[in-house]
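Need a 3D model of the sequence below.
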Amino acid sequence: MLYCKIYHLHMEHQKTKRSRLTLYIGIALVLGIGLGFILNKNYVGKENTAIANAELIQNGLHQKMSPYEIPSQKALSGQLTKLKEAAAAQKKAAEKNILADSTSSSAMEAVNRWSDSLKQLNVQLASLTDTGNAAYKSLVKEKELVLLQKNEVVKARDKKLEWFSLMADIFLRLIKMIVAPLVFTTLVVGVAKLGDIKAVGRIGGKTLLWFISASLMSLLLGMILVNFFEPGKAMHLPLPESSVNLGIDKAALTVKDFFYHVFPASFVDAMAKNEILQIVVFAIFFGVAAAALGKVADPVVKALDAVAHIILKVTGYVMNFAPVAVFGAMTAIIAKQGLGILKTYSIFIGEFYFGLAILWTVLILAGGLFIGKRILTLIKRIKEPALIAFSTSSSEAAFPKTMTELERFGCKNKIVSFVLPLGYSFNLDGSMMYMTFASLFIAQSYGIHLDIGTQISMLLILMLTSKGIAGVPRASLVVIAGTLATFNIPEAGLALLLGIDPLLDMGRSATNVVGNSIATAVVSKWEGELTEGA
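The predicted structure is shown next:
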């Protein structure tokens, strides 16, 4: 009887502690927005004004340069462009034929001939425009100078706000410190507790079935909504320079690179770089081997179980800093972007968040089909991890807390520790929807029409290349950059989204947490391992 009272008192204390942290995070969110707005107008107001002026000047220069860049004879320019593309293809074919026989002289002659043709076509195309004009060259120099000065002002503004950014960065670094060992220890213990390779295969198959279905649904929903709303057509923004370095690498699209990203060459290297998917692969092998050895491996499994509990305790300490991180992150974002950016991009932001609301509804209804009314209890449980993910723009930041809340909800540890880490590589629903939404938005902004067949091809490529991306800020942009290049959409179009990406990342990160939590609960139900919880 006494034990029951102590247990209930402990659980009440835990609930009070959780509700307090959620309250503190909410307060920090509001205070951060308020202070950010004040700093935007005063502390970094001068820099923000200079940056806004630079953008206006750039737009004006672009309009002045456009007449010089327009071909005097559009029909002839189009014919020459087609000839240039054909010549480039012929040159590439000739280069491949160099090793066709023992003497490469004939093939080399063909390469030189096509190279000369390309040079002549470039000269003819240049003659149709007036880009050699002294006035045009002066405008180019002016634009380069404006860009240089703008970058200097941006650096100065970021320097002023770095203490606020540092609050969020330190918290994220502490979370990253925890995630890799937590994934490894909990997954090894989880797989070892499953008992055999058949159980791992059965649960893994059910998990991937849900993940693939949810991913396709998220991508398809993004495609449908962006075609329905057509937000790109309403933007009316000037095209950014293709030569501008956006600081975003392209995602590797080759099958070879994909599998290299999945299978680790070194477990230590995977841990050091927080390569979650590689850690998952090694942990599954390790856990299956431990289960096969039985009692011989029990001491190792128990030790890793103890380590996992220690790390979860460390997680509790780290989470106490979450309100500080939320305050710093929101202050920095609003101070830099201001509320004015919401007006400029209001259509796109509003339609994207409306899309996320639909996605949440679909995911909750799908989860409700399997776990019934308890889906509402689950959503209440994960409000704190979702708020952390929203505020820090990182679903990874919420990983430890999500794991704890799912176990309290009634999901067995062995299921949570198996499904949730996989979800961070294979089931980022919010990021999935954003990828199709953003990719097609950029195409619309450029006036590039993509037929349904091409859009479906893009969807399938995103389905493959998005697997294994880290749940960290801006990871989605890397995948989008590679996809744009694949479909000959100018990658510089990403510049249209860089300003608002932090605001969009908040919503998709929170959605990733919701999607993975529902997936874990559903798989637990399928396995008959879902209890009433604490």
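
Tell me which residue lies nearest the centroid of the chain.
Against the mean C-alpha coordinate of the chain, by Cα atoms, centre = their mean, the closest residue is Ser476 at 2.6 Å.

Determine the set of other helices and strands touching the helix or strand that contains Thr81.
Here Thr81 sits within helix 74-96, counting by DSSP states H and E. The helices and strands touching helix 74-96, judged by 3 or more Cβ pairs under 8 Å, 6 or more residues apart in numbering; DSSP states H and E, are helix 105-127. C-beta: built from backbone N, CA, C; applies to glycine.

got the buried residues for the helix holding Thr81?
77, 80, 83-84, 87, 90-91, 94 (16 or more other Cβ atoms under 10 Å).

buried ones in stretch 401-418?
Quick answer for stretch 401-418 (16+ other Cβ under 10 Å): 401-407, 409-418.

got it, and stretch 98-117?
So for stretch 98-117, counting by 16+ other Cβ under 10 Å, buried means 107, 110-111, 114, 117.

Next, give me the two most distant ones among those residues.
Across the buried residues of stretch 98-117, no pair lies farther apart than Ala107 and Ser117, at 15.7 Å, counting by Cβ to Cβ.

Leu378 reaches Ala519, doesn't it?
No - using Cβ atoms under 8 Å, Leu378 is not in contact with Ala519, being 11.0 Å away.

Figure out how far whichever strand or helix holds Ser165 is from the centre of its chain.
Here Ser165, judged by DSSP H and E, is contained in helix 162-194. The chain centroid and the centroid of helix 162-194 are separated by 18 Å, computed with Cα atoms, centre = their mean, to the nearest Å.

again, but for stretch 119-136
The answer for stretch 119-136 is 41 Å, by Cα atoms, centre = their mean.

repeat for stretch 357-364
19 Å.

And for stretch 156-167?
23 Å.

Do me a favour and average the pLDDT over it.
Per-region confidence: stretch 156-167 scores 88 on mean pLDDT.

what about it, start to end distance?
Start-to-end span of stretch 156-167 (Cα to Cα, to the nearest Å) is 19 Å.

Go through it and flag the buried ones.
157, 161, 164-165, 167.

With stretch 449-460 instead?
450, 455, 458-459.

In helices, which of these fall?
If you go by DSSP state H, the buried residues of stretch 449-460 have 455, 458-459 in helices.

Let me know the closest of the residues you listed to Asn53.
The closest of those, once distances to Asn53 are taken by Cβ to Cβ, is Met458, at 37.0 Å.

how near is the closest one to Thr486?
In this view, Met458 and Thr486 are 8 Å apart by Cβ to Cβ, to the nearest Å.

now the helices for the stretch 301-450 of the chain?
322-337, 340-344, 346-371, 374-381, 383-392, 399-409, 413-426, 429-445 (DSSP state H, counting those that start in this stretch).

for the record, mean pLDDT for the last one?
Here the mean pLDDT over helix 429-445 is 87, rounded to a whole number.

now the angle from that helix to helix 383-392?
30 degrees (axes from the mean of the first three to the mean of the last three Cα atoms, to 10 degrees).

Low-confidence regions, the stretch 301-450 of the chain specifically.
Residue ranges of the stretch 301-450 of the chain with pLDDT under 70: 339-344.

and the gap between Leu504 and Arg173?
In terms of Cβ to Cβ, Leu504 sits 23 Å off from Arg173.

Over to Leu450?
Counting by Cβ to Cβ - Leu450 and Arg173 are separated by 40 Å.

Thr186 too?
21 Å.

who has more neighbours, the two?
Thr186 (27 against 9; other Cβ atoms under 10 Å).

Wait, the more buried one touches Val419, no?
No - counting by Cβ under 8 Å, no contact exists between Thr186 and Val419, whose distance comes to 10.8 Å.

could you point out where the stretch 51-200 of the chain is predicted with low confidence?
100-104, 195-196.

Leaving out chain neighbours, which residue sits closest to the residue nearest to the centre of the chain?
Ser431 (4.7 Å; Cβ to Cβ, 6 or more residues apart in numbering).

for Ser517, same thing?
Ile382 (4.7 Å).

what does Leu530 give?
Ser524 (4.2 Å).

How many residues are close by the one you found?
Neighbours of Ser524 using other Cβ under 10 Å come to 24.

Which stretches in the stretch 201-350 of the chain count as strands?
Using DSSP state E, counting those that start in this stretch, the stretch 201-350 of the chain contains no strands.
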